[in-house]
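below are the sequence and a predicted model; questions follow.
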Amino acid sequence: MEEAGAEAHRGTNRWPAIHRLDAATLFRLAVEAAPAGSRLDGVDNEGVPFREIAAVIGKHLNVPTVRISREEAQAHFGFLGTLAALDIPRSSAKTQELLGWRPVHTALFPFHEKIEIQWRCSTYTYCRPN
């Protein structure tokens, strides 16, 4: 669990994402064609680093992004701090193969909002993308 906490404060933990229209298509295919008991993963990518999610949110709210420890995240966000610290990469490769499904929409951010971020910050300092 200590490793997860270290991941969380660096923002390298990943959250998978899928566009709602791709999820709807997959749900329909699952009902129509998936064998009973199938495990389906409907994701567009293996995961977006949490720091990139935070950076886009901060950019749109015009607030700086700051690194905090796992303990600070739990104190500030409550149980959501624990969820935010999870590294949950997923792959939809088997689902795509089984159902012939492919995500076609941008999952988390519109393509023009994707930003490449190189972080130059240490723990507990304000982080600004280059």
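Cool, the structure landed.

hmm, residue 16 and residue 47 touching each other?
Yes. Using Cβ atoms under 8 Å, residue 47 is in contact with residue 16, at 4.9 Å. Every residue, glycine included, has its C-beta placed from N, CA and C.

what about the strands in this structure?
Using DSSP state E, the strands of the chain run over 14-15, 48-49, 65-66, 126-127.

please produce JSON lines containing those, extended by mean pLDDT, mean neighbour count and distance to residue 83.
JSON lines is the format used below for those (pLDDT from 0 to 100; neighbours: other Cβ atoms under 10 Å; distance: least, Cβ to Cβ, whole Å):
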{"stretch": "strand 14-15", "mean pLDDT": "86", "mean neighbour count": "20", "distance to residue 83": "9"}
{"stretch": "strand 48-49", "mean pLDDT": "86", "mean neighbour count": "18", "distance to residue 83": "15"}
{"stretch": "strand 65-66", "mean pLDDT": "82", "mean neighbour count": "18", "distance to residue 83": "18"}
{"stretch": "strand 126-127", "mean pLDDT": "45", "mean neighbour count": "14", "distance to residue 83": "21"}
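
tabulate the ones you listed (CSV), appending distance to residue 77.
As requested, these are exported to CSV (distance: least, Cβ to Cβ, whole Å):
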stretch, distance to residue 77
strand 14-15, 14
strand 48-49, 18
strand 65-66, 13
strand 126-127, 18
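
out of those, nearest to residue 94?
Smallest distance to residue 94 across those (Cβ to Cβ): 18.4 Å, for strand 14-15.

got a list of contacts for the closest one?
Contacts to strand 14-15, defined as Cβ atoms under 8 Å, 6 or more residues apart in numbering, come from residues 46-50, 53, 86-89.

are any of these buried, and which?
Among the contacts of strand 14-15, those classed as buried by 16 or more other Cβ atoms under 10 Å are 47-50, 53.

list the helices and strands the lengthiest helix in the chain packs on?
Criterion DSSP state H: the longest helix present in the chain is helix 20-33. Applying 3 or more Cβ pairs under 8 Å, 6 or more residues apart in numbering; DSSP states H and E, we find helix 20-33 packed against helix 93-99.

who's in contact with the helix it packs on?
With contacts defined as Cβ under 8 Å, 6+ apart, helix 93-99 is touched by 26, 29-30, 33-35, 38-42, 101-102.
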